[in-house]
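Undergrad: Predicted model and sequence follow; I will ask about them next.
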Amino acid sequence: MVITIAGLGPGDATLLTGAAREAIADAPTVVVRTRAHAAVAQLDPGGTFTACDDLANKEEPTDETDQAACERVIALGRRGDVVYAVPGNPVIDDGSVPLLLEGAANERIATRVLPGVSYLDVAAAALRRDVRDLQLCDATSARIDTQRPALIRDATARGVIDALPGRLRDIYPAGHEVVTIDTAAAPETATRSMSLEDLTTDNLSPETLLFLPALAPEADVRRFDGLYHVVARLNAPDGCPWDREQTHESLRKHLLEEAYEALDAIDSGDRAELTEELGDVLLQVLMHAEVGRREQTFSLGDVTEHIAEKLIRRHPHVFGEAAAGSADEVWQSWEQLKKQEKPERSVLDGVPATLPALAASQAIQGRARRVGFDWPDIEGPLEKLREEVGEFARAENPAEEVDEFGDILFVLANIGQRTGIDAEQALRSANQKFRTRFTAVEELARERELDLQEMTLEEIDALWDEAKAGLGGGSL
């Protein structure tokens with residue numbers, strides 16, 4: 001008993017090798033991966049071959065399809081000699097072949113492989129270029145290094161074809177060249193060149209290959225690798241003098257400023273502005289990584305490796321066998337894993353000293369709460385707030401006032417933390433609300449040729465109420 005795996009080539013039977021044609025003609029049983037292949041109709045006009053089309057999920061191809069085809073061939077191979085004919089070259093073009101070779105070996109069934117013309121041969125002829133530098137990409141995953149020329153194949157299902165143009169535009173500029181190659185056509189008529197923005201599902205079929213030339217590193221701006229190249233180039237010996245002079249300490253203020261500008265963009269609701277500000281934050285990470293590389297203390301790879309390993313390690317419910325049914329369970333698991341990693345550290349370690357005071361207060365109280373140190377309900381901190389306000393009112397000197405005022409803010413932070421209110425954000429919002437309304441008061445005063453410094457508090461308050469009403473009211 002022998003299972004012969006034969007390549008049908010990319011098109012009609014004229015591209016079949018002599019060995020494959022002879023094996024198919026002499027075989028008592030022939031299984032074809034798909035009857036839709038052009039050569040099958042010519043080789044089997046009577047429809048006697050067994051096909052695997054009934055196993056395919058037309059909408060979303062899966063590994064189970066390959067496994068099912070493998071099992072069908074092996075079941076027939078137990079009874080006698082079988083030829084399994086697949087499109088293209090068996091060892092390049094079909095996912096069921098490795099499974100079949102492994103399965104047949106386990107069953108102690110002899111196998112032989114007869115190569116065929118592959119889609120790579122078709123691409124080489126159609127493009128008229130050496131293809132040894134190509135990366136071969138599967139359309140179902142489209143994991144592409146844009147700085148190398150890419151050949152994309154296997155858009156075998158409508159769901160894949162529909163998604164592919166958009167997926168490519170996520171990683172290439174819209175104007176990037178793409179060449180479609182019709183594997184069923186003659187080489188001289190197989191190719192068509194267009195810009196990626198013009199690529200639609202009308203240009204694609206299961207027989208279509210896509211060739212995308214490499215991007216220059218500095219043009220690969222839609223992905224992290226391209227940005228990394230730009231920043232590395234700025235920090236190169238012949239790069240930008242300012243960039244090369246930077247240190248972690250000199251960049252410190254920029255990291256803080258960019259983070260706050262990103263927060264402002266979130267508050268404004270302007271997603272275009274947020275896109276820009278997040279890029280500025282990302283730039284700071286890359287700049288620090290370049291400083292680390294220049295100092296030979298760490299590299300960007302160390303940064304990404306550390307955070308990736310930590311995320312995997314602290315999410316065993318995603319990457320392991322653990323289970324977590326709620327966000328609270330995830331937090332509890334996270335804290336336990338942190339404690340195992342650093343058993344001697346306080347639960348309060350890791351809250352930066354430079355964090356704004358309200359945010360730091362909520363952070364440290366939140367960590368204490370997760371280990372059980374907090375009031376059981378909201379009534380506790382509300383009563384404590386009333387107590388602290390009374391103590392502030394009874395303070396006898398400035399030092400006591402500062403101390404009691406800090407206690408009031410600390411309790412307010414606790415109330416916000418337990419009710420899900422970000423105290424820092426709440427105060428930022430109140431500040432912005434005051435800024436908007438006071439600016440409106442100033443505008444009213446200018447329109448009426450009034451000088452705020454010469455007005456009484458009651459007169460200014462009347463303008464405040466007018467401005468407040470004009471802006472939609474509110475509590476402040």
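TA: Received the coordinates, thanks.
Undergrad: Domains in the chain, by residue range?
TA: The chain breaks down by automatic domain parsing into domains covering 2-117, 121-217, 224-313, 346-421, 424-470.
Undergrad: For Leu337, find the nearest of those domains.
TA: domain 224-313 (6.7 Å; Cβ to Cβ). (Glycine included, C-beta is placed from N, CA and C.)
Undergrad: For stretch 375-391, list every residue counted as buried.
TA: The neighbour-count check on stretch 375-391 (16 or more other Cβ atoms under 10 Å) flags 381, 384-385, 388, 391 as buried.
Undergrad: lowest-confidence helix or strand of this protein?
TA: When the helices and strands of the chain are scored by mean pLDDT, DSSP states H and E, helix 158-169 comes last with a mean of 75.
Undergrad: re earlier: looking at the domains of the chain, which has the lowest confidence?
TA: In terms of average pLDDT, domain 121-217 trails the rest of the domains of the chain, at a mean of 83.
Undergrad: for that domain, the distance to its chain's centre please.
TA: Relative to the chain's own centre, domain 121-217 is displaced by 22 Å; criterion: Cα atoms, centre = their mean, to the nearest Å.
Undergrad: Repeat that for stretch 297-304.
TA: Here the centre of stretch 297-304 is set off from its chain's centre by 20 Å, with Cα atoms, centre = their mean.
Undergrad: Need the residues that contact that stretch.
TA: Residues outside stretch 297-304 that contact it (Cβ atoms under 8 Å, 6 or more residues apart in numbering): 228, 285-286, 289-290, 292-293.
Undergrad: same check, this time on stretch 113-121
TA: Residues outside stretch 113-121 that contact it (Cβ under 8 Å, 6+ apart) are 4-10, 15-17, 19-20, 23, 88-93, 97, 101, 131, 134, 136, 151, 153, 183, 209.
Undergrad: Need the distance between the two termini of that stretch.
TA: Terminal residues of stretch 113-121 lie 18 Å apart, using Cα to Cα, to the nearest Å.
Undergrad: what's downstream of the least confident helix or strand of the chain, the next helix or strand?
TA: strand 177-182 (DSSP states H and E).
Undergrad: Just the C-alpha atoms of stretch 325-338, please, in CSV.
TA: Presented in CSV, the C-alpha positions along stretch 325-338 are these (Å, rounded to 0.1, in the frame of the first residue of the first chain):
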residue,chain,number,x,y,z
GLY,A,325,-15.2,35.3,35.6
SER,A,326,-15.0,39.0,36.5
ALA,A,327,-12.7,42.0,36.5
ASP,A,328,-12.5,41.8,40.3
GLU,A,329,-11.2,38.2,40.1
VAL,A,330,-8.6,39.3,37.5
TRP,A,331,-7.4,42.1,39.9
GLN,A,332,-7.2,39.6,42.8
SER,A,333,-5.2,37.2,40.7
TRP,A,334,-3.0,40.0,39.5
GLU,A,335,-2.1,41.0,43.0
GLN,A,336,-1.5,37.5,44.1
LEU,A,337,0.9,36.9,41.2
LYS,A,338,2.7,40.2,42.0
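Undergrad: List the buried residues of that stretch.
TA: 333, 337-338.
Undergrad: Quick check: mean pLDDT of that stretch?
TA: Mean predicted confidence for stretch 325-338 is 83.
Undergrad: Can you give me every residue that contacts the nearest residue to Glu459 once chain neighbours are set aside?
TA: Of all residues not flanking Glu459 in the chain, Leu450 sits nearest, at 8.0 Å (Cβ to Cβ, 6 or more residues apart in numbering). Applying Cβ under 8 Å, 6+ apart, we find Leu450 in contact with 444, 459, 463.
Undergrad: Perfect, that will be all.
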